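**Q** Please work out how this folds:
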Amino acid sequence: MVKIMAESKFVIPFYTEERWQNWINKVKESGFKIDDQEKGAVFVYMEDDVVLACLKIIAKYDKNSMSKDDALGHISEIKEIVFKKIEPINEDIDIMLESTQLSLMGVFASCECYVEKAFEKTGSFGKLIKGALEAEKEDNMGAAMGNIAEIGANILAGKKLK
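**A** Residues are numbered from 1 along each chain as shown. Modelled structure (predicted):
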């Protein structure tokens, strides 16, 4: 007699609050100071971990294993975790955590722009980079982030940076 097992459906989260908190704890334990580049690697690893989680979502979306709405929902969940208020640790660490969060804004914007197909494929990034720099000079952070999102979305779509 052959038993056919029903396919089990369980959801593995792409990123969790516990995972983010583990990074915060590693940062605390590092005793990081601004002038200590060696201990600064923890922030790079922390950022890489979030980027990889986002790329896993993009990969599932690209393989049609996930809908647009689900992909955007998962990205939003990660964003919510990353941008949750972090209790102050010390001035140097707080500056680096804020910097890490700010750089991840570009990652999230790029992923959302890509999934929403809210970008034009470009032959050159020059115009977008110039636009981002000009917008930043004018304190128009929304426009700057829009340009960054388009650059990132193009890269996610396979365009190479030269």
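**Q** pLDDT below threshold where in the protein?
**A** For the chain, applying pLDDT under 70 flags the ranges 1-11.
**Q** any chance you could map the helices in it?
**A** Using DSSP state H, the helices of the chain run over 17-30, 41-62, 68-82, 91-115, 126-137, 141-156.
**Q** what domains does the record give for this protein?
**A** 13-27+38-118, 120-157 (automatic domain parsing).
**Q** ok, now which ones touch the residue nearest the centre of the chain?
**A** Centroid-nearest residue in the chain: V107, 3.7 Å away (criterion: C-alpha atoms, centre = their mean). Counting by C-beta atoms under 8 Å, 6 or more residues apart in numbering, V107 touches 50-51, 54, 152. C-beta: built from backbone N, CA, C; applies to glycine.
**Q** cool, and I24?
**A** Under the criterion of C-beta under 8 Å, 6+ apart, the contact list for I24 reads 86, 97.
**Q** that older thread, would you tell me which of the helices of the chain gets closest to K162?
**A** With C-beta to C-beta as the criterion, K162 lies closest to helix 126-137 of the helices of the chain, at 10.0 Å.
**Q** Counting by contacts, list what the closest one packs against.
**A** Contact analysis of helix 126-137 by 3 or more C-beta pairs under 8 Å, 6 or more residues apart in numbering; DSSP states H and E lists helix 141-156 as its packing neighbours.
**Q** now the helix it packs on and helix 41-62, what's the angle there?
**A** Angle of helix 141-156 versus helix 41-62, following axes from the mean of the first three to the mean of the last three C-alpha atoms, to 10 degrees, is 70 degrees.
**Q** How about residues contacting helix 141-156?
**A** With C-beta under 8 Å, 6+ apart, helix 141-156 has contacts from 58, 105-107, 109-114, 118-122, 125, 128-129, 131-133, 135-136, 161.
**Q** List buried residues within those.
**A** For these, a neighbour count by 16 or more other C-beta atoms under 10 Å gives the buried set as 58, 105-107, 109-114, 119, 125, 128, 131-132, 135.
**Q** I'd say C111 and I78 touch.
**A** No: proximity of C111 to I78 does not meet the contact threshold set by C-beta atoms under 8 Å, at 9.1 Å.
**Q** Overlap of the contact sets of these two?
**A** 54, 57.
**Q** Closest one to N90 out of the buried ones among the contacts of helix 141-156, please.
**A** Top of the list for closeness to N90, among the buried ones among the contacts of helix 141-156 and by C-beta to C-beta, is M105 at 23.1 Å.
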